[in-house]
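Q: Fold the following, please.
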Amino acid sequence: MNDLASPERPLWNRFVDFPLVAMVVAIAFYLMAVRLGFYLGQFVSAGQPATAIIQAAVTLTLTLVTYKLAITRLGKRPRDDLRTAGAVPDLVRGLATGAALFSAVVGVAAAFGVYRVTGRGTVSEILVPVIATSIMPGFMEEIFFRGILFRWIEEFAGSWAALIVTSALFGIAHILNPGATWFSSFAIAIEAGLLLGSVYMLTRSLWMPIGLHAAWNFIQGPVFGVPVSGGPPNGLLHSALEGPTLLTGGAFGLEASLICLTLATTAGLWFLWLALNRGAVVRPMWSRRRPT
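A: Numbering: from 1, shown residues only. Here you go, the predicted structure:
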């Protein structure tokens with residue numbers, strides 16, 4: 001074998017591997033999986049909540065298979081952010097963090113007198129909401145916003161650009177939710193976009209963000225009966241939010257309150273600090289040294 005450098009890769013290969021092109025291809029794969037999942041789900045009719053559970057399982061399975069077989073192989077540096085190694089500890093840490101964080105938000109709201117329990121629900125009432133507000137968003141949104149958008153924006157423009165852009169898009173994605181305002185979208189971008197993006201930067205895995213996202217939604221909706229991003233409240237506890245909108249979040253729920261904005265943003269900055277100390281910040285591709 002000689003020491004001559006290998007021929008440069010074909011132009012089409014370099015084009016497909018370019019971060020933003022790989023991102024667009026990944027988005028296309030993701031959307032096809034979601035569309036196929038919903039299409040196949042239309043043929044399921046087993047009564048509720050069985051139908052909702054089966055439809056969600058089909059969509060989640062197709063998305064996971066598409067991610068594992070196609071999306072992880074894209075780009076110049078193929079990577080699987082849903083690897084099995086360390087999955088359980090990361091998922092548990094995410095679940096614990098999300099549950100503790102939003103429990104603290106509700107606790108502070110109760111201490112200020114803007115949250116109060118008005119009754120109790122049943123387990124059967126929360127089966128569908130658990131799927132619709134916790135499991136599905138936790139898995140699907142994290143694959144899309146962190147596993148696809150953050151990953152390739154970061155590879156192209158660096159960690160700071162990825163964190164800012166995905167946080168902003170995450171907030172904007174909630175602008176059409178019931179009770180949404182520009183402030184609620186700003187709050188989601190800052191408190192949740194920063195938090196989930198920083199956790200992803202720290203762990204370089206989707207498992208902790210998925211667990212955190214799912215538990216965050218589960219605690220506020222199916223447990224404490226608070227609207228999840230403006231959705232109708234269905235929980236083991238029936239509750240009322242009464243008081244200044246800045247403290248209750250209005251119709252959107254506590255996610256649009258100063259209480260949640262303060263606590264969750266503080267947590268996000270702490271995870272970002274941990275990521276910075278770990279040297280997890282990626283520079284833009286044009287400033288990285290080319291290999292010799």
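Q: So L261 sits against A192, correct?
A: No. L261 is beyond contact range of A192, at 9.9 Å (criterion: C-beta atoms under 8 Å). The C-beta positions use only the backbone N, C-alpha and C, and glycine is treated the same way.
Q: So in this protein, where's the weakest helix or strand by average pLDDT?
A: Lowest on mean pLDDT, DSSP states H and E among the helices and strands of the chain sits helix 123-129, with a mean of 76.
Q: For P233, grab phi and psi.
A: phi -80, psi 130 (degrees, to the nearest 10).
Q: Pretty sure N217 is one of the things it touches, is it not?
A: No. Checked against C-beta under 8 Å, the pair P233 and N217 is beyond contact range at 12.0 Å.
Q: measure stretch 247-260 end to end?
A: 9 Å (C-alpha to C-alpha, to the nearest Å).
Q: Also stretch 231-249?
A: Termini of stretch 231-249 sit 13 Å apart (C-alpha to C-alpha).
Q: quick one: buried residues of that stretch?
A: By 16 or more other C-beta atoms under 10 Å, the buried positions in stretch 231-249 come out as G231, P233, N234, G235, L237, S239, L241, T245, L247, T248, G249.
Q: before we move on, what about stretch 55-63?
A: For stretch 55-63, burial by neighbour count (16+ other C-beta under 10 Å) applies to Q55, A56, V58, T59, L60, L62, T63.
Q: Which residue is the nearest non-sequential neighbour of the last one?
A: Taking C-beta to C-beta, 6 or more residues apart in numbering as the measure, T63 lies nearest to A33, with 4.7 Å between them; neighbours along the chain are not counted.
Q: remind me, longest helix of the protein?
A: In the chain, with assignment by DSSP state H, the single longest helix is helix 87-111.
Q: What's the first helix or strand after it?
A: With elements assigned by DSSP states H and E, the helix or strand that comes after helix 87-111 is strand 115-120.
Q: Report the angle between that next one and helix 87-111.
A: Put simply, strand 115-120 runs at 100 degrees to helix 87-111, going by axes from the mean of the first three to the mean of the last three C-alpha atoms, to 10 degrees.
Q: List the contacts of stretch 250-258.
A: Applying C-beta atoms under 8 Å, 6 or more residues apart in numbering, the external contacts of stretch 250-258 come out as 102, 105-106, 109, 114-115, 177-181, 183-184, 187-188, 191-192, 220, 226-230, 233, 241, 246-249, 260.
Q: Buried ones from those residues, can you make that a PyMOL selection?
A: This is the PyMOL syntax for the buried subset of the contacts of stretch 250-258, where burial follows 16+ other C-beta under 10 Å:
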select buried, resi 102+105+106+109+114+115+177+180+181+183+184+187+188+191+192+220+226+227+228+229+230+233+241+247+248+249+260
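Q: In strands, which of the contacts of stretch 250-258 fall?
A: Secondary structure from DSSP state E places Y115, L241 of these in strands.
Q: before we move on, the earlier item: using a markdown table, lay out the buried residues of stretch 231-249 together with pLDDT and distance to P78.
A: Shown next, in a markdown table, are the buried residues of stretch 231-249 (pLDDT from 0 to 100; distance: C-beta to C-beta, whole Å):
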| residue | pLDDT | distance to P78 |
| --- | --- | --- |
| G231 | 88 | 36 |
| P233 | 83 | 42 |
| N234 | 83 | 41 |
| G235 | 88 | 41 |
| L237 | 92 | 45 |
| S239 | 93 | 46 |
| L241 | 96 | 46 |
| T245 | 96 | 47 |
| L247 | 97 | 47 |
| T248 | 96 | 46 |
| G249 | 96 | 41 |
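Q: So which of the residues you listed is the closest to G147?
A: Using C-beta to C-beta, G231 comes nearest to G147 of those, at 23.5 Å.
Q: just checking, that closest one touches Q220?
A: No. Counting by C-beta under 8 Å, G231 sits too far from Q220 to count as a contact (10.0 Å).
Q: if we can go back for a sec, who does the least confident helix or strand of the chain touch, helix- and strand-wise?
A: Packing partners of helix 123-129 (3 or more C-beta pairs under 8 Å, 6 or more residues apart in numbering; DSSP states H and E): helix 50-69.
Q: what packs against the helix it packs on?
A: Packing partners of helix 50-69 (3+ C-beta pairs under 8 Å, 6+ apart): helix 19-41, helix 123-129, helix 136-142.
Q: Which one, of these, ends up nearest to G158?
A: For the helices and strands packed on helix 50-69, proximity to G158 was assessed by C-beta to C-beta; helix 19-41 is nearest, at 10.9 Å.
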